[in-house]
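Engineer: sequence and computational prediction follow.
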Amino acid sequence: MTGIVEASGLSKWYGQVIAVNKVSFAVGPGVTGLLGPNGAGKSTLMKLITGQLRPSQGQVTLFGQRIWNNYGLFMRIGLCPEQDSFYERMTGAEFLAALLRIHGFSEAEAGRRTTSALELVDLAAAGDKKIGAYSKGMRQRIKLAQAVAHDPEVLVLDEPLAGMDPVARRETIRLVRGWGKAGKCVIVSSHILHEIEAMTPTILLIHNGQVLAEGDVHQIRDLIDKHPHHIFIRCSEPRRLAEILVRFSDVLSVRFQPEANALTLESAQPDEFYQRLPDLLLRHEIDLEEISSPDDNLQAVFHYLVK
Amino acid sequence: MSPVMSSLARTWREFRTIAFLTLDTLFWSKKTIFVAFISVFILGLSILARLILTYNWVRAPFTPAQVFGTLMSTAVIHFLVVFITLFYGTALISEEVEGKTLTYLFVRPIPKPVIMLGKYLALVWIALLLVLPSIVSSYLILYLGSDLGPFFEDAGALAKDLGIVALAILAYGAFFSLLGAWLKHSILAGLLYAFGWEGIIPYLPGYLRKLTITHYIQSIFPHDDTPGAIAMLVGERTPPLESILTLVLLAAFFLSTACLILREKEYIIEQ
């Protein structure tokens, strides 16, 4: 196992509660998505990686060195924490400059880096505004700016897209991908699969404090496709559509939701089902209003994987 | 600049930034309103005493020196100093944990003890800023008048009082900072110590009194005819030099223990 960030047999428990359970992984340059539902242990794992918590068992290393109380390593790490907390009375620029000075940068250098970090996250115009007056999205971006202002080699981003508007979200995704391409080791967490997919194909899937899967996000997609798929369809005539669909052998069950004028069916071959559906709808003149797959979320993947 | 000087300048910059961040947080907290209220109350008492002395409203058998000594002993040292250091000292770490901002400091390339020391510097700074002007103002209110003789005669005692208050701030500040870094309910523990333990033990005979900070402060207190001096009647004073040294050593011990705790303790920031 070789990587910039490595964990071996890493466990963390709070009293009787196990938050991270014997986790081993190695993360190298590029973007790695830490994917898991709320309460899976993502934040605890990130706190262990960034030396905010001491492992109960096992170890986590960065560049081959243990992180807990290893202050020198913090020059090489940038953390965007999940919590929405700041020194509210400070302006965005003051906040960044203060943290840069704590990093040891001179006043002039801290000022230069502050300007550049604010520009990077598109907050140059709001740099002199108090953080207390920032919107949720701006707060998220200033948090991101303080993580990257000192140009670290390792970036740990805990739910960085939370609260951002679509434009800021797209821009942040672009930034994260750029940092990964530039050779930085970026670990980014989310509980939303498509957010992670937009940033990286490499994932660590975590559930109940354990790493369930590691590797390419498409393998996770394949895992989903091996299992019967639930598909939700809202249309003009759900009962007539059901009558048509049950003739196909891959359709295993159909359940009606009259209040929504919809049905949910289970298909064993989702790809074929999706190919066939448009033609059927056209031929039988049924108007489609909405189609979605409740399975196309992370919780369903975890359910499949732990079964 | 030599590498040593450059390294010192860098450490000072980090230390000063932590102190300024803390000062800003402490000063603009709700606690400052309460502290300001106590300061104004002390000034109010001084003005009232001065009016009584000037206009003989009651047959007051006291002098400005006695009033000032009593104010120093009761209101300033045992109340204002204790409250300021208790409120701000216990908040140094706990406020950052509750406000979830400690993370920003803990992921920087500076030793955690430097964070503690920077915060302690801010505490001493704000405590001196809030206490010393109120002492000097009280002195001026009580002594300034047509006869400036007592004003200059007791100026030495005032200087000594200011020194004692600074020592008290150092010692109490370090103790309450330690409680804040160590305990979850540090303010309760601090109140129990300040008004339970220190409220009773100094009045008991024996050597137990030496386990209080107030004993060493009372031992060097220049006003003999004040309520605080009563405690000294039931036991011996510790010699002045020994008292000063003990207060400095206690402050150093509490502060280094606080640094050690901050270094080793895991602070759980709730999401």
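Structural biologist: That came through fine.

Engineer: I'd like to know how far residue B:10 sits from chain A.
Structural biologist: Note on residue B:10: its distance to chain A, by Cβ to the nearest Cβ, to the nearest Å, is 5 Å. For glycine as for every other residue, the C-beta is placed from the backbone atoms N, C-alpha and C.

Engineer: and if you look at residue B:128?
Structural biologist: From residue B:128 to chain A the distance is 22 Å (Cβ to the nearest Cβ).

Engineer: wouldn't that residue be in contact with residue B:167 here?
Structural biologist: No - proximity of residue B:128 to residue B:167 does not meet the contact threshold set by Cβ atoms under 8 Å, at 11.4 Å.

Engineer: of these two, who's got more company?
Structural biologist: Counted by other Cβ atoms under 10 Å in any protein chain shown, residue B:128 and residue B:167 do not tie: residue B:167 has more neighbours, with 21 against 17.

Engineer: enumerate every residue touching the residue nearest in space to the middle of chain B.
Structural biologist: Most central in chain B under Cα atoms, centre = their mean is residue B:169, positioned 2.6 Å from the mean C-alpha point. Shown in contact with residue B:169 (Cβ atoms under 8 Å, 6 or more residues apart in numbering or on different chains): B:81, B:84, B:85, B:124, B:127, B:128, B:131.

Engineer: with secondary structure added, can I get these in JSON lines?
Structural biologist: Output for the contacts of residue B:169, formatted as JSON lines (DSSP: H, G, I helix; E, B strand; the rest coil):
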{"residue": "B:81", "secondary structure": "helix"}
{"residue": "B:84", "secondary structure": "helix"}
{"residue": "B:85", "secondary structure": "helix"}
{"residue": "B:124", "secondary structure": "helix"}
{"residue": "B:127", "secondary structure": "helix"}
{"residue": "B:128", "secondary structure": "helix"}
{"residue": "B:131", "secondary structure": "helix"}
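
Engineer: find the nearest non-adjacent residue to residue B:85, please.
Structural biologist: Among residues not flanking residue B:85 along the chain, residue B:172 sits closest, at 4.0 Å (Cβ to Cβ, 6 or more residues apart in numbering or on different chains).

Engineer: next SSE downstream of the helix or strand hosting that neighbour?
Structural biologist: In the assignment (DSSP states H and E), residue B:172 maps to helix B:155-182. Where DSSP H and E defines the elements, the next helix or strand beyond helix B:155-182 is helix B:186-192.

Engineer: can you list the residues that contact that next one?
Structural biologist: In contact with helix B:186-192 (Cβ under 8 Å, 6+ apart) are residues B:86, B:87, B:89, B:90, B:94, B:176, B:179, B:180, B:183.

Engineer: can you list the buried residues in it?
Structural biologist: B:186, B:187, B:189, B:190 (16 or more other Cβ atoms under 10 Å in any protein chain shown).

Engineer: centre of the chain to the helix or strand just after that helix, how far?
Structural biologist: Using DSSP H and E, the next helix or strand after helix B:186-192 towards the C-terminus is helix B:198-200. Here the centre of helix B:198-200 is set off from its chain's centre by 17 Å, with Cα atoms, centre = their mean, to the nearest Å.

Engineer: quick check: buried residues in helix B:198-200?
Structural biologist: By 16+ other Cβ under 10 Å, the buried positions in helix B:198-200 come out as residue B:198.

Engineer: ditto for stretch A:201-213
Structural biologist: So, applying 16+ other Cβ under 10 Å, buried residues of stretch A:201-213: A:201-213.

Engineer: for those, which one is nearest residue B:65?
Structural biologist: Closest to residue B:65 out of the buried residues of stretch A:201-213 is residue A:209 (68.1 Å), distances taken as Cβ to Cβ.

Engineer: contacting residues for that closest one?
Structural biologist: Residue A:209 makes contacts with A:12, A:18, A:19, A:20, A:21, A:23, A:40, A:41, A:44, as judged by Cβ under 8 Å, 6+ apart.

Engineer: so how far is residue B:265 from residue A:155?
Structural biologist: 27 Å (Cβ to Cβ, to the nearest Å).

Engineer: following the lowest-mean-pLDDT helix or strand in chain B, which helix or strand comes up?
Structural biologist: In chain B, no helix or strand scores lower on mean pLDDT, DSSP states H and E than helix B:227-233, which sits at a mean of 56. Heading C-terminal from helix B:227-233, the first helix or strand you meet, by DSSP H and E, is helix B:240-264.

Engineer: secondary structure element holding the residue in chain B that chain A sits nearest to?
Structural biologist: Per Cβ to the nearest Cβ, residue B:100 is where chain B lies closest to chain A, at 3.6 Å. Following DSSP H and E, one finds residue B:100 outside all helices and strands.

Engineer: how many residues are close by the closest residue to chain B within the stretch 51-200 of chain A?
Structural biologist: Distance from chain B to each residue of the stretch 51-200 of chain A (Cβ to the nearest Cβ) is smallest for residue A:85, at 3.6 Å. Residue A:85 sits with 19 neighbouring residues when counted by other Cβ under 10 Å.

Engineer: residue contacts, the nearest residue to it once chain neighbours are set aside?
Structural biologist: Nearest non-adjacent residue to residue A:85, counting by Cβ to Cβ, 6+ apart: residue B:100, 3.6 Å away. With contact taken as Cβ under 8 Å, 6+ apart, residue B:100 is in contact with A:81, A:83, A:85, B:269, B:270.

Engineer: look at the closest residue to the second one other than its chain neighbours and report its pLDDT.
Structural biologist: The shortest distance from residue A:83 to any non-neighbouring residue, by Cβ to Cβ, 6+ apart, is to residue B:100 (4.3 Å). For residue B:100, the pLDDT comes out at 93.

Engineer: which of the residues in stretch A:57-76 are buried?
Structural biologist: Buried, per 16+ other Cβ under 10 Å, within stretch A:57-76: A:58, A:60, A:61, A:62, A:63, A:67, A:73, A:74, A:76.

Engineer: nope, stretch A:36-43 is what I meant
Structural biologist: For stretch A:36-43, a neighbour-count test (16+ other Cβ under 10 Å) marks A:36, A:37, A:40, A:41, A:42, A:43 as buried.
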